[in-house]
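**Student:** Build me a structure from this.
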Amino acid sequence: MSTEVLRYAAFTTSDGRGGNPAGVVLDADGLDAAAMQEIAADLGYSETAFLFPRDHEPNVYDVRFFAPRQEVPFCGHATIASGVALVERHPAAELVFHTPAGLVTVNTERTDHGLVAELTSVSPRVRLAPPGLVGPVLRALGWSPGDLDPDYPVRLANAGSEHLVLVTRTRARLADLHYDFDALAALMQEHELITVLLVWPEGRKLFHARNPFAGSGVVEDPATGAAAAAFGGYLRDLHIIGASAEFTICQGVDMGRPSRIDVSVLRGEPGVRVRGAASAIPA
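**Tutor:** As a prediction, the model looks like this:
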């Protein structure tokens, strides 16, 4: 029996352009890890989500995420895509996803521009990068320590998957991304990084980002919801934003796939909320 693989773009702009393509399998019962990995590799998107409906628990799913080369613990854009795909077929007030990283909830809203989904991540954790990581990553990127903004210290941030956060002083540095793929891939695999999150702050409410994803065989992600959630935790942990705050991440512009990710942290809520539109990719 063939497996139906849906294709959605998540974190599209208001006119439906851009976004990050994701594969979605709404009922993956009967698929083992090898089969899921093969589907994800054949599809070639940065991630494909595989959903396993729980018996007698409406709107509750076990979810696994596969990149072309490996399984990853959490993927934000495939979660947004899955939420929209499910609600298009079976309206629901809330979806509950049990992921390898922990429990993630998804709510949807119908707007003038289509369905928008909002996930609430697991509680982020932020820590210092280990010795021997930052220097080699900068060399692989072709960056220098002087390219980094001292107001945004280098950290590892995780809201379901691990990201190295590097904030640059200038938009020009962010735009000029030509890196050593093999060297960065090796470092990311060694340190179990899902992406390197490269950011330029236009202001406290608007950030521009790029996400090399070399460790999983993808040069760059046009929209990375997991990294956006991790960055929300990073900003809160370092008191760059308050206990409650909202901001937007623009990503994918330099790839020709402009994407919009809206992020919010709420006082007393451990997880970070990440919101975006998604729509089916025409066959």
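
**Student:** and the gap between Ala226 and Ala101?
**Tutor:** 9 Å (CB to CB, to the nearest Å). In this view, the C-beta of every residue, glycine as well, is placed from N, C-alpha and C.

**Student:** Show me where the chain dips below the pLDDT cut-off.
**Tutor:** Counting by pLDDT under 70, the chain has low-confidence residues at 1.

**Student:** go again using 50 as the cut-off
**Tutor:** For the chain, no stretch has pLDDT under 50.

**Student:** Which one of Ala226 and Ala101 is surrounded by more residues?
**Tutor:** Ala226 (33 against 20; other CB atoms under 10 Å).

**Student:** buried residues in the helix or strand where the more buried one lies?
**Tutor:** According to DSSP states H and E, Ala226 maps onto helix 225-237. By 16 or more other CB atoms under 10 Å, the buried positions in helix 225-237 come out as Gly225, Ala226, Ala227, Ala228, Ala229, Ala230, Phe231, Gly232, Gly233, Tyr234, Leu235, Arg236.

**Student:** Name the nearest residue to Val72, ignoring sequence neighbours.
**Tutor:** Leaving aside its chain neighbours, Val72 sits nearest to Phe65 (5.0 Å; criterion: CB to CB, 6 or more residues apart in numbering).

**Student:** Check what contacts the strand or helix carrying that neighbour and list those residues.
**Tutor:** Using DSSP H and E, Phe65 maps to strand 60-66. The contact list for strand 60-66 (CB atoms under 8 Å, 6 or more residues apart in numbering) reads 28, 33, 36-37, 39-40, 47-54, 71-75, 78-79, 82, 95-100, 104.

**Student:** And Ala175, how far from Ser82?
**Tutor:** Ala175 is 31 Å from Ser82, by CB to CB.

**Student:** Give me the more crowded residue out of those two.
**Tutor:** In this view Ala175 and Ser82 are compared by other CB under 10 Å, and Ser82 has more residues nearby, 32 against 13.

**Student:** Relative to Asp254, how far out is that one?
**Tutor:** Distance from Ser82 to Asp254, by CB to CB: 27 Å.

**Student:** What of Pro150?
**Tutor:** The value you get for Pro150 to Asp254, if CB to CB is used, is 24 Å.

**Student:** where's stretch 49-68 relative to the chain centroid, distance-wise?
**Tutor:** 18 Å (CA atoms, centre = their mean, to the nearest Å).

**Student:** Show me the strands in the stretch 151-283 of the chain, by range?
**Tutor:** 155-158, 162-167, 195-201, 206-213, 218-221, 245-251, 259-265, 273-280 (DSSP state E, counting those that start in this stretch).

**Student:** what number of residues lie near the residue nearest to Leu141 when sequence neighbours are not counted?
**Tutor:** In space, and not counting its chain neighbours, Leu141 is closest to Tyr179: 4.7 Å by CB to CB, 6+ apart. Number of residues near Tyr179 (other CB under 10 Å) recorded here: 20.

**Student:** Give the full set of residues in contact with Tyr179.
**Tutor:** Ala140, Leu141, Gly142, Pro212, Ala214.
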